[in-house]
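Asker: this one's structure only:
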């Protein structure tokens, strides 16, 4: 069984910073993409940032230059450093990873439980 556990959300004032972490655990054989999505009330879940196994990164236009995604393959962990936060960044942030477990032949998408980020103006 594979699990993703997030940490690092919270309440911050506009202009502040937060760092999210997401650790994958369980019977993991290989991890492909890892990334972060977010969902604000009344809106669809959207991609924030994603990083490949070769460290190629993709960012939503709304966070480019403010957020940085990174990963530690030895720890099966992905990070999201969020700087210059804005009230419109307020959402539940979800970790996502494309993982091949030791019990399956192919890759599958796994999701964390979500962590709340609230930015006050």
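Answerer: That came through, no problem. Just so it is clear, the structure is predicted and the values come from calculations on it, not from any experiment. Numbers count the residues shown, from 1 in each chain.

Asker: And the residue nearest the centre of this protein?
Answerer: residue 36 (2.7 Å; CA atoms, centre = their mean).

Asker: Next up, phi/psi of residue 106, please.
Answerer: For residue 106, the backbone dihedrals are phi -110, psi -180 (criterion: degrees, to the nearest 10).

Asker: isn't residue 110 right up against residue 97?
Answerer: Yes. Between residue 110 and residue 97 there is a contact at 5.3 Å, judged by CB atoms under 8 Å. For every residue, glycine as well, the C-beta is placed using N, CA and C.

Asker: When those two are compared, which one has more neighbours?
Answerer: Relative neighbour count places residue 97 above the other of residue 110 and residue 97, with 24 against 20, counting by other CB atoms under 10 Å.

Asker: Confirm that that one sits in a strand.
Answerer: Yes. With DSSP: H, G, I helix; E, B strand; the rest coil as the criterion, residue 97 is located in a strand.

Asker: list the contacts for the closest residue in space to it that isn't next to it in sequence?
Answerer: Nearest in space to residue 97, with sequence neighbours left out and distances taken as CB to CB, 6 or more residues apart in numbering, is residue 34 at 4.6 Å. Residues in contact with residue 34 (CB atoms under 8 Å, 6 or more residues apart in numbering) are 22, 24, 50-51, 71, 78, 95-98.

Asker: same thing but at 10 Å, please
Answerer: Neighbouring residues of residue 34 by CB atoms under 10 Å, 6 or more residues apart in numbering: 4, 22, 24, 49-53, 69-71, 73, 76-79, 95-99, 110.

Asker: Equivalent analysis for residue 31, please.
Answerer: Applying CB under 10 Å, 6+ apart, one finds that residue 31 lies in contact with 2, 24, 53, 71, 73, 76-78, 97-100, 107, 110.

Asker: follow-up on the earlier one: spit out the residues that contact residue 110 and residue 97 alike.
Answerer: Common contacts of residue 110 and residue 97 (CB under 10 Å, 6+ apart): 2, 4, 24, 28, 31, 34.
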